[in-house]
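Novice: no FASTA, just this:
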């Protein structure tokens, strides 16, 4: 935990000063009990904006529109729908994304260019714009609407994911709040990870982008549920400056504390994403240390966390470390069998080039806990990374097979 | 099918002239009904040898030993055990691999260096050499022992995988036979793919290596069951020249026909591997054409065939093409949504930048067949590739979770 960073109990995306949110049911989300599917997050004043987007080469026009608008580094609101990804629908996709933003702008009385858009849901069908048009006006925006917002962005998530932290910036208390959705793809094409960060800190645009990228790399880019990645993944940050601090820049003494606070919030939410993975019963945390580069550490940690064989072993509470060795070996990271040490829940199972006799039943008992930790020390260099995943269960297969388009 | 290449009904690895094989039960394989677990394939005369091995950076000493010996381009026999991978066991692994070869050499009365070794099974436990020592003498080598050999190399395979083809080389009939094992990893660490190719054709060493590499790239390197790759994967070819043809070289008029025949045999066996994938009920064939490079075509085809979301959709006979678009998009291959056309069982579902309205129920019926074909024409270039996989089922998860070390 960063020195000055304190979690806000019950905090969410509207905990920072000057943000309001609200949600309604437009009729897009047909498969969840919680029927909120259209929502808005808005700041009282225009914000400095940063964004990190999917690397999939097929992207939703909603993402394309945001990329354009985030390049301006300024916006005031975001309108989000769940249930439909607005992807792979031809030119209509961009027309609808622009109209979504315009509907939000009209309701809020601000410029269209100051409204961002995000969509998550089924690929290949058009947004039902008539339903969205008539629903927008029903959205009530309130300073405590963050909880509704977090529910409305969910697709197959079993619970909302949100949080907030405070930190002091040059003696001024600032707050960062966030809402996240994404758990894999029980229903098809809804793997999308969406994250909305709001802060009342004043932040210089270039630094906000760098801090967000850094936080996303440590958190959402280190979560794996099924290895598939979406056409719509979006992480947005909005900083309205209403806390009144001097704008944080890369050179500011508070720059590191801000980045750490943002990263901690994102990591805690990324872990929630993994824990809530489709069909998951356990959180898997994989740490690789002693790598020759941070890229290698990240690659190795993610490869282990996403291996179907490791994931099924975790599900079965099986201390089957050979599967971890196999995954480390195929990761592409620089590894020498003679050097590495491997730990399951801190029980050393392999070291000095050979297996360590360990008490298998004890390891098995420890693996029945809701969190399982794997740690590999490659002893090749000084870099480390942590990835999070979940177990692979029959539930995952059942949900993903039984869905009907 | 290559012009001169004819499948041999009931053919196997000892169908080519001058090869004998045999198998016994040493006591390593405890989990299969079929208890053969130690076997030998031997040629009457020394062979020209080629080999393709796992790219995992953690490899079994059995693989290391073969790499050394294959570099000599000459061997006469291979001894194989199933049930234990002889991997991640420290220096004892190489000692045991050498002794395995020596035991085979002693039994056959040939030089130790002329014997190759392969192992498949659990990682992290030592080979029970006392049991292997006493079992080797029980192996009876016969010209029709190919079928026993194919059974003895199996781990979680539900059936042996073998075949043979004949072709004419400069007027001389030659035969190529093969045995393959591998279906994923129901039991841990047994994903290993092993393939043994025997031919009575005379083949120049450099060309045999090139032809085997080419055939493996088209076949075994395009099969995916769970994306995990083993510490022990090995594809070996042995050519004893007993057909009496003039040795085939890269410049020979028969070079292409030989490579094609070898590739066809390997592709047919690779498809058997996918069809027999752990828990699989369907074979998935993914063809990507119109790619800007063969690497891109291969990457895209393999990414689709290994996507958990595509695999679960295939299991559920769900014509959910959005998942295929997502996988193509994240593959890293050069793709433009506006250009590509996508087909499910030859039903066009996406073209000219947008979805094609198709009869979903008919697509669903077609996807209930035991083979499902996905074809994407990227319309970016002239390269194509085909990958094979299988559906992801609850069975896969159950088997891989319930195993106990």
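Specialist: Structure received. Given the structure is predicted, the values throughout are model-derived calculations rather than measurements.

Novice: what residues are up against whichever residue of the stretch 101-250 of chain A sits closest to chain B?
Specialist: When scored by C-beta to the nearest C-beta, the stretch 101-250 of chain A has residue A:123 as its residue closest to chain B, at 3.0 Å. Yep, even glycine has a C-beta here, placed from its N, CA and C like the rest. By C-beta atoms under 8 Å, 6 or more residues apart in numbering or on different chains, the residues touching residue A:123 are A:85, A:87-88, A:188-189, A:231, B:322-323, B:325-326.

Novice: Please list only the buried members of these.
Specialist: Members of those that pass the buried threshold by neighbour count (16 or more other C-beta atoms under 10 Å in any protein chain shown) are listed as A:85, A:87-88, A:188-189, A:231, B:322-323, B:325-326.

Novice: and the lengthiest strand in chain A, which residues are buried?
Specialist: Determined from DSSP state E, the single longest strand within chain A is strand A:38-53. Along strand A:38-53, these residues count as buried under the neighbour rule (16+ other C-beta under 10 Å): A:38-43, A:46-53.

Novice: among the buried ones among the contacts of residue A:123, which are in strands?
Specialist: Using DSSP E, none of the buried ones among the contacts of residue A:123 sit in strands.

Novice: re earlier: residue A:66 versus the residue of the stretch 101-250 of chain A closest to chain B, what's the distance?
Specialist: Applying C-beta to C-beta, to the nearest Å, the value for residue A:123 to residue A:66 is 17 Å.

Novice: One more: residue A:212?
Specialist: Taking C-beta to C-beta as the measure, residue A:212 and residue A:66 are separated by 13 Å.

Novice: Residue A:367 too?
Specialist: In this structure, residue A:367 lies at 41 Å from residue A:66, with C-beta to C-beta as the measure.

Novice: The stretch 1-150 of chain A: strands as residue ranges?
Specialist: Taking DSSP state E, counting those that start in this stretch to define them, one finds strands in the stretch 1-150 of chain A at A:6-7, A:19-24, A:38-53, A:74-84, A:115-122.

Novice: Make TSV out of those and add mean pLDDT.
Specialist: Listed next are the strands of the stretch 1-150 of chain A as TSV, based on pLDDT from 0 to 100:
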stretch	mean pLDDT
strand A:6-7	96
strand A:19-24	98
strand A:38-53	97
strand A:74-84	96
strand A:115-122	93
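
Novice: Next, format those strands as JSON lines and append distance to residue A:352.
Specialist: Putting the strands of the stretch 1-150 of chain A into JSON lines (distance: least, C-beta to C-beta, whole Å) gives the following:
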{"stretch": "strand A:6-7", "distance to residue A:352": "41"}
{"stretch": "strand A:19-24", "distance to residue A:352": "54"}
{"stretch": "strand A:38-53", "distance to residue A:352": "41"}
{"stretch": "strand A:74-84", "distance to residue A:352": "51"}
{"stretch": "strand A:115-122", "distance to residue A:352": "48"}
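
Novice: Tell me who's in contact with the closest residue to residue A:77 other than its chain neighbours.
Specialist: By the measure of C-beta to C-beta, 6 or more residues apart in numbering or on different chains, the closest residue to residue A:77 outside its immediate chain neighbours is residue A:42, 3.9 Å from it. Applying C-beta under 8 Å, 6+ apart to residue A:42 gives the contacts A:19-21, A:76-78, A:108, A:141.
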